[in-house]
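S.K.: Next come a sequence and a model predicted from it.
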2 protein chains.
Amino acid sequence: MQKQSGVNIDLGNRSSQTAFSYARETFSNRKGKKGAVASKTDGGFSNLLIFGNERIGIGSDGTGTKAEIAERTQIYNTLGYDLVAMVSDDLSAAGFEPANLSNVIDVDYIDENIIAQMMKGLRDACNFSGITITGGEIAELGNRICGYGDRMHFNWSATAIGVLPDNLQTDIDGSKINAGDFVISLKSKGFRSNGFSAIRRILKEKFGDEWHNEQYDDKTTWGKKILTPSLIYAPLITSLIQKNLIPKGIAHITGGGIFDNLRRVLKMTNTGAVLDNLCSPLPEMLKIQELGKVSNEDAYLWWNMGNGMLLVVDEQEVERILQETRKKNYECQVAGRITADNSISAVFPSFTLTKKY
Amino acid sequence: MQKQSGVNIDLGNRSSQTAFSYARETFSNRKGKKGAVASKTDGGFSNLLIFGNERIGIGSDGTGTKAEIAERTQIYNTLGYDLVAMVSDDLSAAGFEPANLSNVIDVDYIDENIIAQMMKGLRDACNFSGITITGGEIAELGNRICGYGDRMHFNWSATAIGVLPDNLQTDIDGSKINAGDFVISLKSKGFRSNGFSAIRRILKEKFGDEWHNEQYDDKTTWGKKILTPSLIYAPLITSLIQKNLIPKGIAHITGGGIFDNLRRVLKMTNTGAVLDNLCSPLPEMLKIQELGKVSNEDAYLWWNMGNGMLLVVDEQEVERILQETRKKNYECQVAGRITADNSISAVFPSFTLTKKY
C-alpha cells in the first residue's frame, strides 16, 4: 500500500537506520573534544553536540519533489519557506533555537534569475525565522538533475544548526511525557514538503501532464494551490521556550504523518494518544484524497492533513500555551490526550484510525 | 573557453555572489545572539559564527559529477573521501577543525546496498579525519535524479561544522601575508571532486559511451583511475595548528584551480605569487589534457594538476612545516614565494602561466 505513495517509507526508514549505524561508528572521533555527541541516560545518543559550554543541534533536509511544483508554476520565491520549515522545525521539535543555515542548490545548468528568486524566498523565510544564511553551494550537475519543462531544474537541500536555550537542561526528547498530558495541534496552511510524489501522481492521473494549469477554484490553479508555502513553527517554539512554556514533546509532522512522527516522541515513555479533536484537513487535501481514492489510513500517513506540528504539554500549561500561540498568530487547538496504552488513535466523526506500536 | 569545461565558472561565481548578497540580508537576525556572524576589521563578514565563547565555521559542498564515476564503476565506497575532502578541507583552509558532518543523499529510488556502501566510505573518511557524522537525510526524488546505467542514481552533498582552535585569534583569512612568504604545495593523489564535466566529456569523445571500461594501463581502467579518492588534508592542518605551526593563508584547490583559489587567499593583502616549483601533474591528468587538447591555461583552471592545497607560510616556519607534513605522510614541497605584485605566475620548464588580478 505504502509503495503507491511514490516512495517506500519502510525501505526509507531501513536505509536511514543503516546510515545511522555507520554514523554511530564515528561518534567516538569527537569524544572529549568539541563537537562531542552527548550521551543519553538510557545509553543512546541524543541530538546534542557539545562545544565547550554551548549545546548545538544540526539537521538536514530538502524540498523534495515540491521543487517540481515551482518548476511547473515558474514561481520560485516561496520554496525557501518550505526549505526553512523542513530543517528548522525539526530542530525546534528537539528544543533547539535554529540559528544558521547552509544550503545546497543542485542544478542542471545555472539560470541566474531563477537562483535569485529562490534566494529571495530563502532570505524572507530566514528573516521570518530569525535565522542567518551562513553558507551555500550552487552545484552545476548537468544531466544528473532533471525535472519539468525546459527551464533550469534543481533540487534544494539545507543543513541548519541550532542552539539549545539556557533554560533547557537537555534537548526535548519526550522523556518527561505522562499519560494525561495534553496534545495541542498547530494548524498547517497546506501541504508542507512531504507526500508530493503521491500528490503529483494523483493529479496527473486526473488531469494529464499539464495538471498544474487546471483551475482549482475560480481564484487559482492546482499548481499554485499546492505550492502554498509551509508555515514555519520555529519562531513560535523559540518564543514559548523563552517564556518557559516548554512542551514535553514536539512532533513535526513530516513523512509518516501524525502517527509515525508522534510515535517517535512517545517512544521513550512507550505511551500512546487519543486524538479526538485534530485540526481538519484543508480542502485541497480532501479533494486530492478523493481524486486518488486514497484511504484515510494512507492520507494520514502521507500528508499532515491540517496538523503541521503536535505539542505534548502538561495540563497546567495548556491554556497559557494556547494563548501565546494565538498571540503569535498561529492557529491551534487541543487535539487530544496522552494515554498509558502505546497505541495512537485519531478519532473523527465518521471513522477512527488506530496504530499500535 | 571556460564554457567548454562543461560548467561556466564566471556564471557560477556571479550566481554565488547573488546568493551571498541575499544571505547578507539575513546576518542581522543573529546580531547579539548565539550564531552571530563575526564582523571583520575591514567591515566585511568572516566565516566565523559566535556561540558564547565558541567560534564555529560551517560549509557545504558535494561530490559533483564524480558521482557518475561511482555509478559507472559500481564502486561506491570511496566517494565518501571526496565528500569529506570537499567540505572539511574548505573549513581547514580557514583554520577550523572540522568536527561534525551532516549529509544529504538525493536518489531516484533507494538501493539499500548502494546506500550502505556509500555510508561505509563516508564512515571511513570521517574516521580518517576525526569527524563525526551527526546528521543525514536520504531523499527519494524519482525522475528528478538521473545518471549512468540502470542502478540507483544519486547526488551527494554535505555540510560540516568546525571549531576554531583556541590558539587562533581569528579564522585564517590571509590578512597577515607578506611579500617574501613561502608557498608550500601539498601533493594531490588524483582528481578531487572538481572538473569532472570536462574529464567526462574528453573521455567520452575519445572512447565512446563506455569509456570507463577502457584500460588506463595494464593494471586498471580509466573509470577506476579517475575515481581515485581525494586525499583529505584536514587532519594535517589540524595537527599543524595544534603544534602552533599556523599558515598565514591556505588555498584549497577546487574549481578555478591554483590561480583563483590562491587569489582568494591573497586578495586581502593584494599580493601575488611566483610558483616555480609546483608539484607535477599526475600522469592521468596529462593524458586527459592531451586527449582533450586542453590548453595549459584551462587545465590549471579546471583541475588541481597535482597540487591539492597550497599553504602560505612565514619563512621562519617553512622547514618545520615541511617536516611535520612529511611525518604525517603527506607529500609536499616548497612551490614558490609571495610577491608584492598582484599577479600569480606558475613557471614550468617549457611554459609560464600568469594571471593578473
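M.R.: In hand now; what should we look at?
S.K.: can you map out the helices along chain A?
M.R.: Ranges of helices in chain A, per DSSP state H, are A:9-24, A:67-73, A:79-93, A:112-129, A:196-207, A:222-227, A:234-242, A:257-266, A:283-291, A:296-302, A:318-327.
S.K.: Looking at those, which is nearest to B:Met152?
M.R.: The stretch from those with the least distance to B:Met152 (CB to CB) is helix A:9-24; that distance is 10.5 Å. C-betas here are computed from N, CA, C, even on glycine.
S.K.: wait, does that closest one contact chain B?
M.R.: Yes - Helix A:9-24 comes into contact with chain B when judged by CB under 8 Å from any CB of the partner chain, the residues involved being A:Leu11, A:Gly12, A:Arg14, A:Ser15, A:Ser16, A:Thr18, A:Ala19, A:Phe20, A:Tyr22, A:Ala23.
S.K.: Which of the helices of chain A sits closest to B:Ile145?
M.R.: Closest approach to B:Ile145 among those is made by helix A:67-73 (11.4 Å; CB to CB).
S.K.: on contacts alone, who are the packing partners of the closest one?
M.R.: strand A:154-163, helix A:196-207, helix A:222-227 (3 or more CB pairs under 8 Å, 6 or more residues apart in numbering or on different chains; DSSP states H and E).
S.K.: Mind listing what's buried along it?
M.R.: Residues of helix A:67-73 classed as buried by neighbour count (16 or more other CB atoms under 10 Å in any protein chain shown): A:Ala67, A:Glu68, A:Ile69, A:Ala70, A:Glu71, A:Arg72, A:Thr73.
S.K.: check contacts around the last one.
M.R.: When contacts are counted by CB atoms under 8 Å, 6 or more residues apart in numbering or on different chains, A:Thr73 touches A:His212, A:Thr221, A:Gly223, A:Lys224, A:Leu227.
S.K.: need those residues in JSON lines with distance to B:Tyr109 and neighbour count, can you?
M.R.: JSON lines is the format used below for the contacts of A:Thr73 (distance: CB to CB, whole Å; neighbours: other CB atoms under 10 Å in any protein chain shown):
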{"residue": "A:His212", "distance to B:Tyr109": "24", "neighbour count": "24"}
{"residue": "A:Thr221", "distance to B:Tyr109": "29", "neighbour count": "17"}
{"residue": "A:Gly223", "distance to B:Tyr109": "25", "neighbour count": "22"}
{"residue": "A:Lys224", "distance to B:Tyr109": "29", "neighbour count": "17"}
{"residue": "A:Leu227", "distance to B:Tyr109": "25", "neighbour count": "22"}
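S.K.: Those residues also near chain B: which ones?
M.R.: Contacts with chain B are made by none of those, judged by CB under 8 Å from any CB.
S.K.: Find the closest residue to chain B in the stretch 51-200 of chain A.
M.R.: Using CB to the nearest CB, the single residue of the stretch 51-200 of chain A nearest to chain B is A:Ala99, 2.9 Å away.
S.K.: Roughly how far does that residue sit from A:Glu54?
M.R.: With distances taken as CB to CB, to the nearest Å, A:Ala99 is found 11 Å from A:Glu54.
S.K.: ok, back up a step: can you tell me which of the buried residues of helix A:67-73 is nearest A:Ser350?
M.R.: Lowest distance from A:Ser350 to the buried residues of helix A:67-73 (CB to CB) belongs to A:Ile69, with 30.7 Å.
S.K.: who's in contact with the closest one?
M.R.: Listed by CB under 8 Å, 6+ apart, the contact set of A:Ile69 reads A:Phe196, A:His212, A:Gly223, A:Ile226, A:Leu227.
S.K.: What of A:Met119?
M.R.: With CB under 8 Å, 6+ apart as the criterion, the residues that contact A:Met119 are A:Gly80, B:Thr18, B:Ala19, B:Tyr22, B:Ala23.
S.K.: could I get those residues as a markdown table with distance to A:Lys120?
M.R.: Supplementary listing: the contacts of A:Met119 in a markdown table, determined by distance: CB to CB, whole Å:
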| residue | distance to A:Lys120 |
| --- | --- |
| A:Gly80 | 8 |
| B:Thr18 | 10 |
| B:Ala19 | 10 |
| B:Tyr22 | 6 |
| B:Ala23 | 11 |
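S.K.: ranking these by neighbours, who comes first?
M.R.: Compared across the contacts of A:Met119, A:Gly80 has the highest neighbour count, 29 neighbours, by other CB atoms under 10 Å in any protein chain shown.
S.K.: and the contacts of A:Met119 as JSON lines, adding distance to B:Ser280 and pLDDT?
M.R.: Supplementary listing: the contacts of A:Met119 in JSON lines, determined by distance: CB to CB, whole Å; pLDDT from 0 to 100:
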{"residue": "A:Gly80", "distance to B:Ser280": "46", "pLDDT": "98"}
{"residue": "B:Thr18", "distance to B:Ser280": "38", "pLDDT": "94"}
{"residue": "B:Ala19", "distance to B:Ser280": "36", "pLDDT": "94"}
{"residue": "B:Tyr22", "distance to B:Ser280": "42", "pLDDT": "96"}
{"residue": "B:Ala23", "distance to B:Ser280": "39", "pLDDT": "95"}
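S.K.: Which members of the residues you listed are the farthest-apart pair?
M.R.: Taking CB to CB as the measure, those have their most distant pair in A:Gly80 and B:Thr18, spaced 14.1 Å apart.
S.K.: my read: A:Ile50 touches A:Ala36, true?
M.R.: Yes - using CB atoms under 8 Å, A:Ile50 and A:Ala36 qualify as a contacting pair, with a distance of 4.8 Å.
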